[in-house]
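In: one predicted model, sequence on top.
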Amino acid sequence: MATVTLVLTSAGAISYAALQLRHERAYRTVANLEKQLSFFLSDKFVEARRRLAEARLDGAELKAWTVDDPPVVAFGVLDFYEHLALLVKKGHLDVYDVWHTFYEWAQPVYVDMQPLIESEDSPYAEHYKDLQRLVRRMDAIQMRKMQTQKKEHWALWTPERIIEHYQYELQGDGHSRGLRGRHESHGSARLKDDARGQ
């Protein structure tokens, strides 16, 4: 009887410790997410996002660029998303939380810069491997949310939607609106409508 009691007590202690560890890990991931969000909304990074928008837009059109001559300002923005990807890879951030917070900001930039990130001809493709994996995982979440199937992840964003994203970056202050608010009322609804029509 004493042995059974000891086993049950030990099992209970182990379960309690595991629960505490899960709670602590969840707390840390939320703290890490808030830290990244604070940087995303900082004046420094808002300005970096705005400079990228300025570099990419020519009136109401996207400027042409090549892998050999990319818009240099893109690297600062892409490096932030690569950093998020590394934190997800290491277990410091939850991929769903990153999708919920950053996807509709990261995806249009990723698609716009896709040759730089993924092309075999790009000297930077290896540097952005973690970002490639993260975006595909977030795309999968988005696909499920849209309740449809698409073979190409960049089909989620047309040039018109990318232009709209950059225009928003130029027109907004980067701080005042909720991160997902602008696309939940516009972009996401259109994505779902497009998905039904295809």
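Out: Here it is on my side, so go on. Numbers count the residues shown, from 1 in each chain.
In: so what pairs up with T66 in the strands?
Out: Beta bridges link T66 to D69 when assigned by DSSP bridges.
In: run a quick neighbour tally on it.
Out: 9 (other C-beta atoms under 10 Å). No exception for glycine: its C-beta is placed from N, CA and C like everyone else's.
In: state the distance from L116 to I141.
Out: From L116 across to I141, the span is 24 Å (C-beta to C-beta, to the nearest Å).
In: go on, T101?
Out: Relative to I141, and taking C-beta to C-beta, T101 is found at 12 Å.
In: got the phi and psi for E118?
Out: E118 has phi and psi values of phi -120, psi -20 when expressed as degrees, to the nearest 10.
In: go ahead and confirm it touches A125.
Out: Yes: counting by C-beta atoms under 8 Å, E118 does reach A125; the two are 5.9 Å apart.
In: about what we covered before: out of T101 and I141, which sits in the more crowded spot?
Out: Taking other C-beta under 10 Å, T101 and I141 do not tie; T101 has more neighbours (19 against 15).
In: any idea what L57 is bridged to?
Out: Beta-bridge partners of L57, as defined by DSSP bridges: L62.
In: so where's the chain shaky on pLDDT?
Out: The chain contains residues with pLDDT under 70 at 1-27, 147-156, 173-198.
In: which residue ranges of this structure form helices?
Out: 2-40, 43-56, 74-89, 95-112, 114-118, 129-146, 159-171, 181-184, 187-197 (DSSP state H).
In: tally of neighbours for P123?
Out: 10.
In: correction: the previous question concerned V30.
Out: 13.
In: look up how far T158 lies from it.
Out: For V30 relative to T158 (C-beta to C-beta), the value is 34 Å.
In: then T66?
Out: 21 Å.
In: same check on K44?
Out: 30 Å.
In: looking at the two, which is more packed in?
Out: Per other C-beta under 10 Å, whichever of K44 and T158 has more neighbours is T158, with 14 against 8.
In: I'd say W99 and Q142 touch.
Out: Yes: judged on C-beta under 8 Å, W99 makes contact with Q142 at a distance of 7.1 Å.
In: count the residues that sit near F102.
Out: For F102, using other C-beta under 10 Å, the count is 22.
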